[in-house]
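K.L.:
the amino acid sequence is not available; the structure is as follows:
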């Protein structure tokens, strides 16, 4: 299927998704919960077929000579399929956000007003090589009463299709519309363009998940709202009143616990007042853990085993065991650096000074700001959301980890006793 | 200024707005409150100049032969200027949404997480003939810590410029950046196109206010998110268990209190079980109040003084003393009618049956759903928001009346005690 063909198919999928979303919106929490467990078990029951499909993808990927890290993201085995199914079971058990009352009040006119969560509608999910996103995204969207149109990466196409088919069958077995979850049945790139156009108003929100080039394309071309982050250029700022041991532990954890996740720190800012004593200790911890350091002039006079940092380093999300280091003149200097180079994702201050902490927390315009905690806590699971489909750094609709509750809208339910407006 | 010229000017305005927004974000509630009172007084103090500018606009509008209703919307006098200034004073006194904590919790990891309101950034406001929107929008945006770029209608250009200049001077007198509020200094239509493009990412959100053709253009062409409603096709559904007097009073009020506002009812749906007794009474009230009725076949057998309704009537927002009337077979039929023809704005059920009310309130996917209350309560003031810049019917970000709180974003403030992630 190519060109016009795929666009027509997608428009039909959009219409089908709208229809499914209308049905989903009125389902009870119990039925959605049962349907998601059913989908999880259908994935388990289809493990053999999913593995066969995955082997097709893997063989093609090996023939293309794709990198080992890519092959690892693509690869499924029994344990990964079980983990995927268990993830769907976990979403099934989360609180249902639909129908939740966020606020209730009575203005002077005596009406009783409730702000009640509703589903959002139809989500378009565009992702790359990890086939497990098919099940994760399907579960989170359905939990919030939304239909989803999935467009997985070409390299994982057969795997994603096998997972999606099992998932749909599982939903149907509990009376849900199969079209609650649809996978684009083509690897044609025109499908992405069509989805970004919104399918004649059928898609309410696009969520991309993948590398920077995918996210950048989606953010620049989408005609519908997008929830995503382009990069996680996270900072740890060690303030002059930081506890030394805490600063060491948090910096090491923020950088090295996992270097490839969006919440890993990429730049250490350290106050000039404590840098002479503290930077050598922090730097030594990091070097011993295998981290490359790239420092500004002042940092390098305090710790020799550092490469010189260039302007480019302050703008780089390494996603690797590399950390840029800069000595700053104080809180304002740190805030200015983060405002200039940060990506509005996650930034942390380490200090025992409550006033400085408050200034930092109010002064950094990022989705997540932390005090005396590692940036690696930027995660929906750690926030207690149970599951997340990504982290959003835009300011519209939802910011930070995006779980089922963030994929809802609301409406006002107003109860009167024959109220007419004077 | 035309074409490329105005686009360059707007890009500069976008940059200036971003700069102002950064300053506004960190202002305390007191300073914003004082600045808005100062802006209100500056508008009062500039009344003579505003009236002179308005006379220029009025003269040109009269020469163009614009309709009396249009001239009335454009016209300012001392009382209207005072009302505008008083509106700004009222916004000044509202609770400041910035810094408000919506939620606070501690997940199992022991972190203390707060969801705290932040400003949104830069709002683009596109409106038509009413010059008072200049002050209303300026006040609501600044209250929420946002900068705003205003593009008023060409016919009110001189009036809006005089108001904006006074408003800016008032803000500046209290130390706010004048560029918190900017009016596009040109009537070139290319300015609207440039704003809809987002000014290179400088505009976070567009809010249009005006007639259906303006809103439709904005909704279809904007490359940035839009908060608006295209129309208010509001329904009153009189259920079989409605109290007769209440149904009469609510229907009359919903239609006739003010016919030109978005929350006025356009269609009455009445249950076939109560229609024989009740429809003649409701219809008589409406006819006596000067309302034209357009009914389906069953309605017209129950009340003769009705024009026949066509398919087009169910889709029409009259904004006039006209009401379409349809007898429905029950709740499901009413829900299906609203789903098909409604505009997701405001719909009301009249019933003494609590179960039917719940089904209606859950089953109608509109921004505002009411039980035993007039649709004319669809208003930010009535909701206790103090002021509104419009009603939103989309599902992203904010729905229903848009006041200062709806023009904010949030971020997560996370407090640890040396937390590192295992």
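P.N.:
Right, received. Where do you want to start? These figures come from a predicted structure and were not determined experimentally.
K.L.:
host element of the closest residue to chain B within the stretch 51-200 of chain A?
P.N.:
In the stretch 51-200 of chain A, the residue that lies nearest chain B is residue A:107 (3.6 Å; Cβ to the nearest Cβ). For the C-beta atoms, the positions are set from N, CA and C on the backbone; glycine is no exception. Per DSSP states H and E: residue A:107 is located in neither a helix nor a strand.
K.L.:
need the contact list for it.
P.N.:
Neighbouring residues of residue A:107 by Cβ atoms under 8 Å, 6 or more residues apart in numbering or on different chains: A:113, B:382-384.
K.L.:
which two among these are spaced furthest apart?
P.N.:
A:113 and B:382 (9.2 Å; Cβ to Cβ).
K.L.:
what distance do you get for the closest residue to residue A:359 other than its chain neighbours to residue B:141?
P.N.:
Using Cβ to Cβ, 6 or more residues apart in numbering or on different chains and skipping residues adjacent in sequence, the residue nearest residue A:359 is residue A:331, 5.9 Å away. Using Cβ to Cβ, to the nearest Å, residue A:331 is found at 29 Å from residue B:141.
K.L.:
just residue A:111 next, same as before
P.N.:
27 Å.
K.L.:
okay, these two: which has more neighbours?
P.N.:
residue B:141 (29 against 22; other Cβ atoms under 10 Å in any protein chain shown).
K.L.:
the more buried one touches residue B:148, doesn't it?
P.N.:
Yes: Residue B:141 lies in contact with residue B:148 (Cβ atoms under 8 Å); the separation is 3.9 Å.
K.L.:
any residues in contact with both of these two?
P.N.:
Taking Cβ under 8 Å, 6+ apart as the contact rule, residue B:141 and residue B:148 both touch B:123, B:125, B:180-181.
K.L.:
give me the below-cutoff pLDDT ranges for the stretch 1-150 of chain A.
P.N.:
For the stretch 1-150 of chain A, the stretches flagged by pLDDT under 70 are A:1-3.
K.L.:
which bits of it sit near chain B?
P.N.:
Residues of the stretch 1-150 of chain A lying close to chain B by Cβ under 8 Å from any Cβ of the partner chain are A:22, A:25-26, A:99, A:105, A:107-109, A:111, A:113, A:118, A:120-121.
K.L.:
surely residue A:113 meets residue A:104?
P.N.:
Yes: counting by Cβ under 8 Å, residue A:104 is a contact partner of residue A:113 at 7.0 Å.
K.L.:
with neighbour numbers in mind, choose between those two.
P.N.:
residue A:113 (23 against 11).
K.L.:
does the more buried one count as helix, strand or coil?
P.N.:
Following DSSP: H, G, I helix; E, B strand; the rest coil, residue A:113 is assigned to strand.
K.L.:
what count of nearby residues applies to residue A:163?
P.N.:
Neighbour number of residue A:163 under other Cβ under 10 Å is 33.
K.L.:
in space, what's closest to it - neighbours in sequence excluded?
P.N.:
Closest to residue A:163 by Cβ to Cβ, 6+ apart is residue A:134, at 4.4 Å.
K.L.:
kindly report the same for residue A:221.
P.N.:
Nearest residue to residue A:221 in three dimensions, chain neighbours excluded: residue A:196, at 4.8 Å (Cβ to Cβ, 6+ apart).
K.L.:
low-confidence ranges in the stretch 301-422 of chain A?
P.N.:
Short version for the stretch 301-422 of chain A, where the test is pLDDT under 70: none.
K.L.:
what residues does it put near chain B?
P.N.:
Counting by Cβ under 8 Å from any Cβ, the residues of the stretch 301-422 of chain A near chain B are A:339, A:357, A:361-363, A:365-374, A:376-377, A:382-384, A:395-397, A:399-400, A:409-421.
K.L.:
low-confidence stretches in the stretch 151-300 of chain A?
P.N.:
Judged against pLDDT under 70, the stretch 151-300 of chain A has no low-scoring part.
K.L.:
need the residues of it near chain B, please.
P.N.:
A:204-205, A:223, A:225, A:243, A:245-246, A:249-250, A:252-254, A:257.
K.L.:
which two from those end up farthest apart in space?
P.N.:
For these, and using Cβ to Cβ, no pair is farther apart than A:223 and A:245, which are 50.9 Å apart.
K.L.:
for those two, indicate the residue with more neighbours.
P.N.:
Neighbour comparison, residue A:223 and residue A:245: the larger count goes to residue A:223, with 16 against 10 (by other Cβ under 10 Å).
K.L.:
pretty sure that one sits in a strand.
P.N.:
No: membership of residue A:223 in a strand is not supported by three-state DSSP, which gives coil.
K.L.:
residues touching it, list them.
P.N.:
With contact taken as Cβ under 8 Å, 6+ apart, residue A:223 is in contact with A:196-198, B:223.
K.L.:
what's the local residue count around residue A:79?
P.N.:
8.
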